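# Quick one: sequence and predicted model below, then my questions.
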Amino acid sequence: MSICSQKIRGALFQIGVPFASSELIIMPPLSENYAAEYVELRMSSAIARSRPFVSGYTGSSSVENEGFDPLAVPTLVDHHRGEAVADSRLIAAYLDILSGGALVPLQWQNQVWSEIAIVDAIPHAGLFYGANPDGDHRPELIRAGMQGAHSKKIELVSKRLEGLPAESSLRSAYRHKIIKEEAGREFISRPANMRGIIESTKSTIAKLDLRLAGGGGDRLVPEGLTLADIFWGVSLFRLLYLGYDWMWKDCSNVAGYAECLFTSPAIQNGVINWPGHPPGERIERWQRSGG
């Protein structure tokens, strides 16, 4: 269910490169992404050496805005090159290079990466973990599962930290994860914060509708399915699943765009029909049938 992992699976299916999925259960009580071996793998990536650790929470999971989370997913391992790549945007750029530019056409690079930055800043984590104070329409499974989730994660990370040797170079990574989860717990507990990220997301959707109108209504760029479309498809499907599709009720261009993206093989295979996606009444028509 990691939205960042969904983006990468969509990109992998779009370029058709063979890959293996080593899935981690990221929710308590297992939280396999907190294992020291996995954190060490992420810490070997270039972004871990060039970006500060995450130190706050705005509801987004963007490394550009939040900092690097060393205990998150996804992480791409290129076994041919012996390289680990962390952060969904960097992984996507890596895959674009592998595909010879198939995901980000050269003449549309600026527009595609601009759209990806917009999607990356949407506060999906906040909308997933936090309830809309004016009516929570998330599936019951999510509403129940997210209660106290940050506190459970803090407890598990703290136990992992206690088990590390005193001289371990990973201790700082775990401490920053605790800072993030404490900030997240505080953030979603405040109705004003939740209303703020809901309103900002609605505004982002309205602006997307205007950009789509300027491009003919059904595509951001006239070059087939790009990485921007994959990121938007994953984002819109998550919003639909969580009950926020009302945001584009009056945005006909976004509504048509979403319908088109949800039927694409990349989104169908990498997100909607990927094994383990929990059911929801809003997404039933898209699962197993292709729309």
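Structure's in. What do you need? Residues are numbered from 1 along each chain as shown.

# contacts and neighbour counts: CA atoms only from here.
Fine.

# got the contact list for Phe13?
The contact partners of Phe13, by Cα atoms under 8 Å, 6 or more residues apart in numbering, come to 265-266, 269-270.

# which ones among those are found in helices?
Among the contacts of Phe13, DSSP state H puts 265-266 in helices.

# can you redo the contacts of Phe13 as JSON lines with neighbour count?
Listed next are the contacts of Phe13 as JSON lines, based on neighbours: other Cα atoms under 10 Å:
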{"residue": "Pro265", "neighbour count": "16"}
{"residue": "Ala266", "neighbour count": "26"}
{"residue": "Asn269", "neighbour count": "21"}
{"residue": "Gly270", "neighbour count": "23"}
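
# Among the contacts of Phe13, pick out the one closest to Gly82, please.
Nearest to Gly82 out of the contacts of Phe13 is Gly270 (Cα to Cα; 24.4 Å).

# residue ranges with poor pLDDT in the stretch 151-291 of the chain?
Low-confidence segments of the stretch 151-291 of the chain (pLDDT under 70): 216-217, 289-291.

# how about 80 then?
The stretch 151-291 of the chain contains residues with pLDDT under 80 at 215-218, 223, 288-291.

# That one: helices as residue ranges?
In the stretch 151-291 of the chain, the helices defined using DSSP state H, counting those that start in this stretch lie at 171-188, 191-214, 227-241, 252-262, 265-267.

# Of those, which is nearest Val112?
So among the helices of the stretch 151-291 of the chain, helix 227-241 is nearest, using Cα to Cα, at 5.2 Å.

# Next, the residues that contact that closest one from outside, please.
Residues contacting helix 227-241 (Cα under 8 Å, 6+ apart): 3, 6-7, 10-11, 92, 103-104, 112-113, 115-116, 119, 138-139, 220, 245, 258, 261-262, 266-267, 271, 280, 282-283.

# Tell me the buried residues within those residues.
Among the contacts of helix 227-241, the ones that count as buried by 16 or more other Cα atoms under 10 Å are 3, 6-7, 10-11, 92, 103-104, 112-113, 115-116, 119, 138-139, 220, 245, 258, 261-262, 266-267, 271, 280, 283.

# Contacts only, for Ala11.
With Cα under 8 Å, 6+ apart, Ala11 has these contacts: 92, 95, 103, 227, 230, 266.

# ok, now which ones touch Ala36?
By Cα under 8 Å, 6+ apart, Ala36 lies in contact with 160, 170.

# Leu210 versus that one, what's the distance?
45 Å (Cα to Cα, to the nearest Å).

# same thing with Ala192?
Separation of Ala192 from Leu210 (Cα to Cα): 27 Å.

# and what of Arg160?
Taking Cα to Cα, one finds Arg160 at 47 Å from Leu210.

# what about the strands in the stretch 51-200 of the chain?
75-78, 83-86 (DSSP state E, counting those that start in this stretch).

# Now render those strands as JSON lines, adding mean pLDDT and mean neighbour count.
Compiled in JSON lines, the strands of the stretch 51-200 of the chain are given as follows (pLDDT from 0 to 100; neighbours: other Cα atoms under 10 Å):
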{"stretch": "strand 75-78", "mean pLDDT": "97", "mean neighbour count": "19"}
{"stretch": "strand 83-86", "mean pLDDT": "96", "mean neighbour count": "20"}
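
# would you list those in TSV and tack on distance to Gly16?
Shown next, in TSV, are the strands of the stretch 51-200 of the chain (distance: least, Cα to Cα, whole Å):
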stretch	distance to Gly16
strand 75-78	15
strand 83-86	19
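
# Pull out the buried residues from stretch 13-33.
Buried residues in stretch 13-33, counting neighbours by 16+ other Cα under 10 Å, are found at 13-15, 26-28, 31-33.

# which of the residues you listed are the two that sit furthest away from each other?
It's Ile15 and Pro28 that sit farthest apart of those, by Cα to Cα, at 33.1 Å.

# one step back: so which of the contacts of Phe13 comes closest to Gly126?
Within the contacts of Phe13, proximity to Gly126 (Cα to Cα) peaks at Gly270, which comes in at 22.7 Å.

# so who does the closest one touch?
So Gly270 contacts 6-7, 9-10, 13 (Cα under 8 Å, 6+ apart).

# Could you do Ile25 as well?
Contacts for Ile25 (Cα under 8 Å, 6+ apart) come out as 31-33.
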